[in-house]
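**Student:** Sequence unavailable; structure follows:
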């Protein structure tokens, strides 16, 4: 690695002890010194003039699903601007059937992702009959934007053997019409009823898709990600290992969806596999505690708008929770719990608070994370702060899915969701992420709309989402860099300070000076990892 001096920049470090700088010395991929040029120690390294550009630490998305996102890129996107209505989705299915499957092949499915009934012009839910209009002689499956719901056509229901007599699985629901017939909508664990019959991309296809996604993420300033699990049983670790040999540059922590491994007696996370100094490492387990607000399956502490008895539903059993806690304690790895609604958050936090830190004293590494945190109670916030449980949240959700939040929660309750400022005031360990592809945005991994949402607390259409919970731009960047690195357990990342990796991003404008409404227009000019330029526009 080359030693260099980077100078003439407006550097935001995310290090509270030295928040701004204009120069830094990089030796062997790490920052040897950072500060004001007038105070720089003497050295004769090559100088790199950054021409007064705004520089921030490399962004870290602490909750996303890169393998899923990479695979989805090969499917129908049911999102604007391409698909704005059910009618347009039907036409898109017809087009794919004609162009990609002109000669129907047994075992093939037409797949898509990202639909959100709130964004359809028809303003109604998708059903099997809509998909049948697009294609009735091949199975069709479209995943909702939240990732917790699938809509399939009649052919897919037939193949999976799902009819009016099929019972709901534990933690799931087969939606039915007034006559008791399945509508094609499969919620939570019911969505897994069709997965055994769906085609699986080859290993080579997955690796190629992942490498292509890596280039997109770098162009967005992202240098580290956590993979929060699949919707089926599969180990993503070897996929990332292969991708890393062929161009995947991002630091990656992998979480395993415990639903698919709890009964596997051979499942293990070895010490070497958990080594966080490696580019690719196994971080821990993931549990799904409830569903989504937009799907009305998040397990709330108060009923959804218009339904006095509808609170959503819990997804995982007590037995699954206990086995996950036991495994993580034995292996000294993190436990992540998806919990959006107040009841789900309380259940997760109350159980995790019974434990002491099991991470063997690793600095700044939480033993447990709770994901999303839509509607936490004051009690849950206080308990998490006291025990050092990390909260990983996504400002992009209300920004992109405002239609569903208004419909399902109403204007006033919606404003109380994702109380970022209140959680920070209570000293909760909190960070930002996107949960891509599980959000209704055309480029779901883009961090800048997410940051804009946190700073403005306004949705894409201008709706006020609770301005009192907005944070300043400095805080938002820290939550996407320093605090994300802490939650994900990425050593020596997330800050530009002595001894840390020289991972930084050069922006096309100063994010700290432009109007907040323009944050989502920012473009990344260059990305450096360990002092080496790996992306340039």
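**Tutor:** Good, I have the coordinates. Computed from a predicted structure; not experimentally measured.
**Student:** CA only for contacts and neighbour counts going forward, please
**Tutor:** Fine.
**Student:** Could you name the helices and strands sitting against the longest helix belonging to the chain?
**Tutor:** Among the segments of the chain that qualify as a helix by DSSP state H, the longest is helix 203-219. Using 3 or more CA pairs under 8 Å, 6 or more residues apart in numbering; DSSP states H and E as the contact criterion, the neighbours of helix 203-219 among helices and strands are helix 66-72, helix 237-245, strand 524-529, strand 532-536.
**Student:** what angle do it and helix 237-245 make?
**Tutor:** Direction vectors for helix 203-219 and helix 237-245, defined by axes from the mean of the first three to the mean of the last three CA atoms, to 10 degrees, enclose an angle of 60 degrees.
**Student:** list the buried ones in helix 203-219?
**Tutor:** Within helix 203-219, the residues that qualify as buried by neighbour count (16 or more other CA atoms under 10 Å) are 206, 207, 208, 209, 210, 211, 213, 214, 215, 217, 218, 219.
**Student:** Likewise for stretch 414-424?
**Tutor:** Within stretch 414-424, the residues that count as buried by 16+ other CA under 10 Å are 414, 415, 416, 417, 418, 419, 420, 421, 423, 424.
**Student:** neighbouring contacts of the helix or strand where the second one lies?
**Tutor:** When secondary structure is defined by DSSP states H and E, residue 415 falls within helix 411-416. Outside of helix 411-416, the residues that reach it under the criterion CA atoms under 8 Å, 6 or more residues apart in numbering are 375, 405, 406, 464, 465, 466.
**Student:** Now the element after that helix, going C-ward?
**Tutor:** Sequence-wise, the next helix or strand downstream of helix 411-416 (DSSP H and E) is helix 420-425.
**Student:** one step back: quick one: which of the helices and strands packed on helix 203-219 is nearest residue 43?
**Tutor:** Across the helices and strands packed on helix 203-219, residue 43 has its closest neighbour in strand 532-536 (19.1 Å, CA to CA).
**Student:** Can you list the strands that the closest one pairs with?
**Tutor:** The strands beside strand 532-536 in its sheet (DSSP bridges) come out as strand 524-529 (antiparallel).
**Student:** ok, residues contacting the partner strand?
**Tutor:** Contacting residues not belonging to strand 524-529 are listed as 29, 58, 218-221, 223, 501-508, 533-537 [CA under 8 Å, 6+ apart].
**Student:** pLDDT on that strand, on average?
**Tutor:** Strand 524-529 shows a mean pLDDT of 98.
**Student:** and it, how far from the chain's centre?
**Tutor:** A distance of 22 Å separates the centroid of the chain from that of strand 524-529, by CA atoms, centre = their mean, to the nearest Å.
**Student:** what's the answer for stretch 530-537, then?
**Tutor:** Between the centre of stretch 530-537 and the centre of its chain there are 24 Å (CA atoms, centre = their mean).
**Student:** Which residue comes closest to residue 149 once chain neighbours are left out?
**Tutor:** Sequence neighbours aside, residue 187 is the residue nearest to residue 149 in space, at 4.6 Å (criterion: CA to CA, 6 or more residues apart in numbering).
**Student:** Tell me how far whatever helix or strand that neighbour lives in lies from the chain's centre.
**Tutor:** Using DSSP H and E, the secondary-structure element containing residue 187 is strand 182-188. Once both centres are worked out by CA atoms, centre = their mean, strand 182-188 turns out to sit 23 Å from its chain's centre.
**Student:** and it, which strands flank it?
**Tutor:** Strand 182-188 sits in its sheet next to strand 149-152 (antiparallel), strand 172-176 (antiparallel), going by DSSP bridges.
**Student:** Point out the most buried one among those.
**Tutor:** strand 149-152 (a mean of 26; mean count of other CA atoms under 10 Å).
**Student:** How far off centre is that strand?
**Tutor:** On the basis of CA atoms, centre = their mean, strand 149-152 sits 20 Å off its chain's mean C-alpha point.
**Student:** And the next helix or strand past it?
**Tutor:** Towards the C-terminus, the helix or strand next in line after strand 149-152, according to DSSP H and E, is helix 154-160.
**Student:** Residue ranges in the stretch 51-200 of the chain under the pLDDT threshold?
**Tutor:** Low-confidence segments of the stretch 51-200 of the chain (pLDDT under 70): 104.
**Student:** Would you map the helices across it?
**Tutor:** Using DSSP state H, counting those that start in this stretch, the helices of the stretch 51-200 of the chain run over 66-72, 86-99, 128-134, 154-160.
**Student:** right, so of those, which gets closest to residue 179?
**Tutor:** The closest approach between residue 179 and any of those, judged by CA to CA, belongs to helix 128-134 at 14.8 Å.
**Student:** So which residues make contact with that closest one?
**Tutor:** Outside helix 128-134, the residues that touch it by CA under 8 Å, 6+ apart are 86, 89-94, 140, 151-154, 183-185.
**Student:** Let's have the contacts of helix 411-416 in TSV, adding neighbour count and pLDDT.
**Tutor:** Compiled in TSV, the contacts of helix 411-416 are given as follows (neighbours: other CA atoms under 10 Å; pLDDT from 0 to 100):
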residue	neighbour count	pLDDT
375	26	98
405	25	96
406	20	96
464	16	98
465	27	98
466	19	98
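**Student:** Looking at the residues you listed, which are in helices?
**Tutor:** With DSSP H as the criterion, helices contain 405, 406 from among the contacts of helix 411-416.
**Student:** Rebuild the contacts of helix 411-416 as CSV, extending it with distance to residue 282.
**Tutor:** Conversion of the contacts of helix 411-416 to CSV gives the following (distance: CA to CA, whole Å):
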residue, distance to residue 282
375, 29
405, 34
406, 38
464, 39
465, 36
466, 37
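**Student:** Quick check: pLDDT value at the residue nearest the centre of the chain.
**Tutor:** In the chain, the centroid-proximal residue (CA atoms, centre = their mean) is residue 435; its distance is 1.7 Å. If you check residue 435, the pLDDT there is 97.
**Student:** ok, now residue 440?
**Tutor:** The per-residue pLDDT reported for residue 440 equals 81.
**Student:** Repeat that for the one 5 residues further on.
**Tutor:** Among the per-residue scores, residue 445 shows a pLDDT of 96.
**Student:** ok, the residue nearest to it when sequence neighbours are not counted to residue 146 distance?
**Tutor:** The shortest distance from residue 445 to any non-neighbouring residue, by CA to CA, 6+ apart, is to residue 436 (5.2 Å). Taking CA to CA, to the nearest Å as the measure, residue 436 and residue 146 are separated by 9 Å.
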